[in-house]
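Novice: Everything below, folded, please.
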Amino acid sequence: MEDTHKVRTVVAVVLIVAGCLLAPVAVTAAWARTHVTDTQRYVDTVAPLAADSGVRNAVADQVTAVILRNLPDRIANTARGVVRGQVGQLVESDTFQSLWRNANQVAHGQLIELLNGRGPASVNGDTISIDLGPFVAAARDRLVASGFTAAQRIPDVHQSFDVFSSPDLPKAQRAYRLLDRYGAILPYVAGALLVLGLAVATRRRRTLIGIGLGVAASMVVLGIVLLIGRRVAPDRLPDGFPATAVFDVVTRSLWTTLVVVFVVGALVVGAALVATRLSRPDRTAGSAALPGC
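Specialist: Take a look at the predicted model:
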């Protein structure tokens, strides 16, 4: 009987540890499937970046540079302020919001094709870019409308604005294939491991406390990883790109899920502790009753 108790305890510990280790992976996989690999959700996620000053300035600088390169030098040297002013008004307008959404929709489609190993001709090696052509065309129209007729000389261009570059493309492609194949079931596997561990355990309340603590701790680890990622993101993206702002917007929903799971783990711990406390016999009352026995 004692040997059976030990075996059940060991099996329960193994299952629960495995479930807790898998929890952050499962949370990240579920988030990635719903907010990163889905084009429409991704576009909805990054749409608020069109209101970020860092993004606006980065795009404005790129568009201004493209326009000036396509003007004669004598005009470009004197018109820099006018061009930058009109481009600045463009990125502050509702038109920019629409252009930003459309550009990201195209870029995300390229990213998925690249991760699937079917990169289109517009993808340069391991780099994904936003086509600045529509932004330049919109700025050209504004310049012409404002009386700067020299802007009519600006041709239709397809200058790229790099937003994603990875020297580890094969690893990213393998990770994407695994995510696409197993990402949807990982949360269920993690949950099943924890439930099985609880079912096998001989001391359920103590096991619940361990599960709650383990899940909460795993979310803390995931949070630390995200904070590290936030610090290194600027080194992995092109210079001048507001990497921190992008990282914060893209991972906002992941942080929300992380906090929810952490709170659930903490509530499980609290509920198990309360149940344990209530189930204990009233030792004081028992001691007072002894003299009357």
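Novice: other SSEs contacting whatever helix or strand Ala29 lives in?
Specialist: Using DSSP states H and E, Ala29 maps to helix 2-35. Identification of packing neighbours for helix 2-35 by 3 or more Cβ pairs under 8 Å, 6 or more residues apart in numbering; DSSP states H and E yields helix 39-46, helix 169-182, helix 186-200, helix 204-236, helix 252-279. Where C-beta positions appear, they are placed from N, C-alpha and C, glycine not excepted.
Novice: mean confidence score for that helix?
Specialist: Mean pLDDT, helix 2-35: 90.
Novice: buried set for that helix?
Specialist: 12, 15-16, 18-20, 22-35 (16 or more other Cβ atoms under 10 Å).
Novice: quick one, what contacts the residue nearest to the spatial centre of the chain?
Specialist: What sits nearest the mean C-alpha location of the chain, by Cα atoms, centre = their mean, is Thr251, with 3.1 Å. For Thr251, the contacting residues are 226, 229-230, by Cβ atoms under 8 Å, 6 or more residues apart in numbering.
Novice: how much space between it and Gly214?
Specialist: Going from Thr251 to Gly214 by Cβ to Cβ, to the nearest Å gives 23 Å.
Novice: same thing with Ala139?
Specialist: Distance from Ala139 to Gly214, by Cβ to Cβ: 54 Å.
Novice: These two - which one has more neighbours?
Specialist: Neighbours were counted for Ala139 and for Gly214 using other Cβ atoms under 10 Å; Ala139 has more, 28 against 21.
Novice: how much space between the more buried one and His158?
Specialist: From Ala139 to His158 the distance is 15 Å (Cβ to Cβ).
Novice: can you state the direction angle for the helix holding Ala29 and helix 252-279?
Specialist: 150 degrees (axes from the mean of the first three to the mean of the last three Cα atoms, to 10 degrees).
Novice: Would you mind getting the angle between helix 2-35 and helix 39-46?
Specialist: Using the same axes, to 10 degrees: helix 2-35 against helix 39-46 is 80 degrees.
Novice: just how off-centre is helix 2-35 within its chain?
Specialist: 23 Å (Cα atoms, centre = their mean, to the nearest Å).
Novice: can you count the residues close to the nearest residue to Pro24 once chain neighbours are set aside?
Specialist: Spatial nearest neighbour of Pro24, excluding adjacent residues (Cβ to Cβ, 6 or more residues apart in numbering): Leu222 at 3.8 Å. By the criterion of other Cβ under 10 Å, Leu222 has 21 neighbours.
Novice: so what's Leu222 up against?
Specialist: By Cβ under 8 Å, 6+ apart, the neighbours of Leu222 are 24, 27-28, 258.
Novice: switch the cut-off to 10 Å
Specialist: 23-25, 27-28, 254-255, 257-258, 261-262 (Cβ atoms under 10 Å, 6 or more residues apart in numbering).
Novice: Please identify which of the residues you listed is nearest to Tyr176.
Specialist: Among these, Thr28 lies closest to Tyr176 (Cβ to Cβ), at 13.1 Å.
Novice: Surely the closest one and Leu254 touch.
Specialist: Yes - assessed by Cβ atoms under 10 Å, Thr28 is found in contact with Leu254 at 6.8 Å.
Novice: and for those two, which residues touch both?
Specialist: What both Thr28 and Leu254 touch, as defined by Cβ under 10 Å, 6+ apart, is the set 36, 222, 226.
Novice: what helices or strands is the helix or strand where Ala138 lies leaning on?
Specialist: Here Ala138 sits within helix 133-145, counting by DSSP H and E. In terms of contacts (3 or more Cβ pairs under 10 Å, 6 or more residues apart in numbering; DSSP states H and E), helix 133-145 is packed against helix 53-69, helix 73-91, helix 94-115.
Novice: could the contacts of Leu222 go into TSV alongside distance to Arg8?
Specialist: Shown next, in TSV, are the contacts of Leu222 (distance: Cβ to Cβ, whole Å):
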residue	distance to Arg8
Ala23	22
Pro24	27
Val25	26
Val27	28
Thr28	31
Leu254	36
Trp255	37
Thr257	32
Leu258	32
Val261	27
Phe262	28
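Novice: and which of those is nearest to Ala47?
Specialist: Using Cβ to Cβ, the contacts of Leu222 come closest to Ala47 at Leu254, 17.2 Å.
Novice: Next, work out how far apart Gly212 and Asn57 are.
Specialist: 45 Å.
Novice: actually Leu22, not the one I typed
Specialist: Taking Cβ to Cβ, one finds Leu22 at 41 Å from Asn57.
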